Each structure stands twice: as structure tokens, then as C-alpha cells.
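1. Prediction below, plus the sequence it came from.
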Amino acid sequence: MNFSKPKGIVVFSGGSAANNLVDVFKTVRENKKCPLSYVIPISDNGGSSSELIRVFGGPGIGDVRSRLVRLIPDDPDHDDSEKAALKGFFNHRLPKSRIDAKQEWLQIVEADHVLWLNISTAKKELIRSVLNMINFEIVKRLRPSSTFDFSSASIGNLFLTGGRLFTGSFESAIYLLSSICSVPSHTSVVPAINTNFTHHISAGLANNTTITGQNSISHPSEVTALENTSNAVPSEHEETEYHDGIEDANLPGSLPTLRKQYISFSKADEEELPARICRIWYINPFGQEIRLAANPRVLDVLMNAQAVIYSIGSLYTSLVPSLILKGVGQALANPSIRYKILILNSTNDRETGPSTAPFSAIDFIAAVAKAGAESRGLRGEVGKNEYKAYVTHLIHLQGPGTPRVEKDVLDKLGIETIRVYGRKVEGEGFVGYDEKALVQALEVTMGRGEKRAEKSRRNTLEG
């Protein structure tokens, strides 16, 4: 008898967009009876994470937290009020008002808040001990030039940061939150880089300009000033000196744009980039390019993968930061991974515009291939004949605003295209993926089932 462990499925994704497909990947994993791993980037420096990074350093943890909490199992046959309470607790955000946020935070750490209802005493005191520790660290770091801003802070992000500081290990903090949330052992959340340091990215545009910091690349937000002393726009030298006078986790002389608070932003209100993004790279705090190695666990799950899925989300800030890490490109190009599936976004966003030159399917695939090549130390454009080393299948929608798919070109490159019919997103002018149709497409691609349309849905799937 063969008792070898089945090869797994590895999903590259960011946070919010791919969270909508977690049930899809769960169903495919159950049917394949194999492990499932999510590889999540840690370069986000926007939202409440920016304040944690400013004061404590460390990786951007928001996407890791959101995936772990999304993986709390739902059992429709049992009324598990604690799991629902934990999901609400770790997803909870404090008020936008700085004063109200601080008051609510104290209610939580003092166990005088409705969020604690239905959480067992054992878990409550474990969670509270970590939150009280991070609260102590916040008070300890209080300086006249720098106080922690709890505005819109995520309780889950504060917990993960506290766990990392307490154990000295990002992986241990993830394990602790996974255990509390009862994330199944067959499903893992793997940070692209296992680190206690902050790692930022820059983007190079086709017009030779550079954008520094993930937040500025994906959805620029209103800068939250620590102290508004003048309406005059300071020079870069003056701004650097100003930030050097603030006692926080940043190195003196590091780039001001990486040291600011970016607590408030809107993903819906985005200006177009002036030109296409051509390349993403990691930088040190002074803006110099560096090459970083992937978390060894990422390479382990890729070595034992039957399929890799590039999920929907921001192409250049959710997918590419994981793909350019040393070791990842070589692992992806390994022919032992039979299925390398790109689920194409249902619409173009700020990163894959501008409207004058929107990305098509082959542009998405080229970006993935180029990132894989850069991971291997190969700079420059990648020949189309090499695309199949990184992407073997493309799943896509067709409808208003969907990226153009060059089926004939992709067929010649040996990349199979599978079209699924989605559903209209209420209140939006585009279509989204239907869960049943996407499960069917993935299972057809990976060798389970036949190409067929469900009786209740006309033309669900086309190869």
C-alpha cells in the first residue's frame, strides 16, 4: 500500500480579495484530500499596520491576520458561538476618533467590553495576556515626540504583534493565533518572508519614475501627520531631519515616505498611475534595492505541490512581492508542479491600468513570468515561450470591464484558457466569480470531473 502524503495546493494571494475565494479553495482541497497552503506577502505599510510598523518595526501583518481569521471553520450543524465571537474579536477595528479608540482599547484590555462575550475563560485570559503585554510595550515606548495612535487599529493586528514581540518569532505568533482560531492543521498560512524586520517595496513605471512603499503603489492614502507645525512643504532633507527627531522603530536617515502614518485610505477612491508598472523590487530603509530570500517554508510547500494557484487580487502588491523572492522562481519553474493556474482578476485596478493601456491576460502572465525570472536573478523581458514554465492554465471571466484574453496567442504558447461565467456584483458595474463555477473550473483543470455545465446554470464553464 502507498502511504505517501498527497501533494498539496499552494495559493499565492494577498488579503481581502482572495478572502472571498477561501471557500472555493477549501472545497477543492477537500475533494483532492491534500494539504493547502496560503503564501501571503508582508510588505504592506498602509492602514493601521503603518502605525505598528512605525512604533515596533516588524513585517506588515494585516493580510496574514485577515486570512487566519477567515479560516476559522464554520460548522453549519453546530451553534458554535465562540468561533463567531473570535472572528468578530480579531476582525474588530477601533473607532476612527483617536480619543474614542484609546478608550475602547482600555475597555478591551481590562476585559470590560462586549467583544469578550462567548469567548471561554481559558482563551480570554490567554488573549488578554498578549494584549496587555502589547499595551505595556506601547506605554514603555511613549515619548513626547511620539505616542501610539489607536485610530482604526485592528485588534487582531495588535494581538499578532504582541505575540511576535513575546515569542521573538513571527511564525510562533501565527501558530498561536491559528491555534486559538482552530485553523485546521491541513491548511496553513505561510508568510512570504519569516522576519522580525520591516521590508518595503518600490515600483518602477514605464515613464522611468519610481514609487516607494506598497501603500503609495496600490492605494495612496492621506498622510496622518504626527505634528502639523507648518503649512509649508518641507524639503526632503528637512523632512528627514524632522522624522529623525521622532523616537520610533525607524533608523535615522531612512526615507520619510516609509516612516509616515498611513492610517486612513480608501480603496474605492484611486487615481490612475501615470504609466504602467514595469517592475517591483525590495528596498532597505534608505531606498536602496536589496534581494531577499523566501521563507524556507514557502520553498518546502512548493517542493511538495501538485498545483500552484495565483489568486485574484492586486497583481503587483499581492502576488509579485512573493514571487520575486530568491528560491521561488526556481521552485515554480519545476516541471513537477503540473498545474500553475492564474485566476484572472474580473477587472483592472490602479496597478493594472491606466485606462489608456489596460492589462490584458497576457500582460498578467508576463508579469508573473518576469517576477519568477527575477527571483532567479534574470533581469529583463522574458520570452513568451518561457511563460508556460510559470503559468500553465488561465481561468477567466467574460463580461463588462473584464481584461481581454488573447486565447489564440495563449493556445500557441501551450497555456490553456478556461472561461467561466460569473455573477453580477450588486451595486458594481462588473461581474465576479461564482463559487460553484470556479470550483468546477479548478477541478476540471486539476483532473477531477468532466467539462460539463450544471443543469441549473447555462454555459457555466467553457474550455
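-> Received it, and whenever you're ready, just let me know what you need. Numbers count the residues shown, from 1 in each chain.
2. where does the stretch 51-200 of the chain dip in pLDDT?
-> The stretch 51-200 of the chain contains residues with pLDDT under 70 at 76-79.
3. what about the helices in it?
-> 62-70, 81-91, 98-109, 121-140, 155-167, 170-180 (DSSP state H, counting those that start in this stretch).
4. so can I have CSV of those showing mean neighbour count and distance to E272?
-> (C-beta placed from N, C-alpha, C; glycine too.) Shown next, in CSV, are the helices of the stretch 51-200 of the chain (neighbours: other Cβ atoms under 10 Å; distance: least, Cβ to Cβ, whole Å):
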stretch, mean neighbour count, distance to E272
helix 62-70, 24, 24
helix 81-91, 18, 31
helix 98-109, 16, 32
helix 121-140, 16, 38
helix 155-167, 23, 30
helix 170-180, 19, 35
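5. Next, format these as JSON lines and append distance to V368.
-> Shown next, in JSON lines, are the helices of the stretch 51-200 of the chain (distance: least, Cβ to Cβ, whole Å):
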{"stretch": "helix 62-70", "distance to V368": "19"}
{"stretch": "helix 81-91", "distance to V368": "30"}
{"stretch": "helix 98-109", "distance to V368": "39"}
{"stretch": "helix 121-140", "distance to V368": "37"}
{"stretch": "helix 155-167", "distance to V368": "29"}
{"stretch": "helix 170-180", "distance to V368": "26"}
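6. do you know which of those lies nearest G327?
-> helix 170-180 (17.1 Å; Cβ to Cβ).
7. distance between the closest one and the chain's centre?
-> How far helix 170-180 lies from its chain's middle: 17 Å, per Cα atoms, centre = their mean, to the nearest Å.
8. neighbouring contacts of it?
-> Residues from elsewhere that reach helix 170-180 (Cβ atoms under 8 Å, 6 or more residues apart in numbering): 58-59, 61, 64-65, 68, 86, 90, 123, 126-127, 130, 156, 159-164, 166-167, 188-189, 191, 194-196, 297.
9. for stretch 414-422, same thing?
-> With Cβ under 8 Å, 6+ apart as the criterion, stretch 414-422 contacts 346, 361, 365, 387-388, 391-399, 405, 407, 410-411, 431-434, 437-438, 440-441, 444-445, 457-463.
10. just the buried members of those?
-> Taking 16 or more other Cβ atoms under 10 Å as the criterion, what is buried in those is 346, 361, 365, 387-388, 391-397, 405, 410, 431-434, 437-438, 440-441, 444-445, 460-461.
11. nearest to Q330, of the helices of the stretch 51-200 of the chain?
-> Between Q330 and the helices of the stretch 51-200 of the chain, the tightest spacing by Cβ to Cβ is seen for helix 170-180, at 22.7 Å.
12. what's the pLDDT at D244?
-> On pLDDT, D244 comes in at 85.
13. Just to check, it is in contact with P252?
-> Yes - assessed by Cβ atoms under 8 Å, D244 is found in contact with P252 at 4.8 Å.
14. neighbour-wise, which of the two wins?
-> Neighbours around D244 and P252, counted as other Cβ atoms under 10 Å, are more numerous at D244. The numbers are 15 against 10.
15. The stretch 201-350 of the chain: helices as residue ranges?
-> 214-218, 236-244, 296-303, 320-323, 328-332.
16. Now tell me which of those helices the model trusts least on average.
-> helix 236-244 (a mean of 84).
17. Now do the buried residues in that helix.
-> For helix 236-244, by 16+ other Cβ under 10 Å, it's E239, T240, Y242, H243.
18. Bridged to I283, which residues?
-> Listed beta-bridge partners, I283: H200, E289 (assigned using DSSP bridges).
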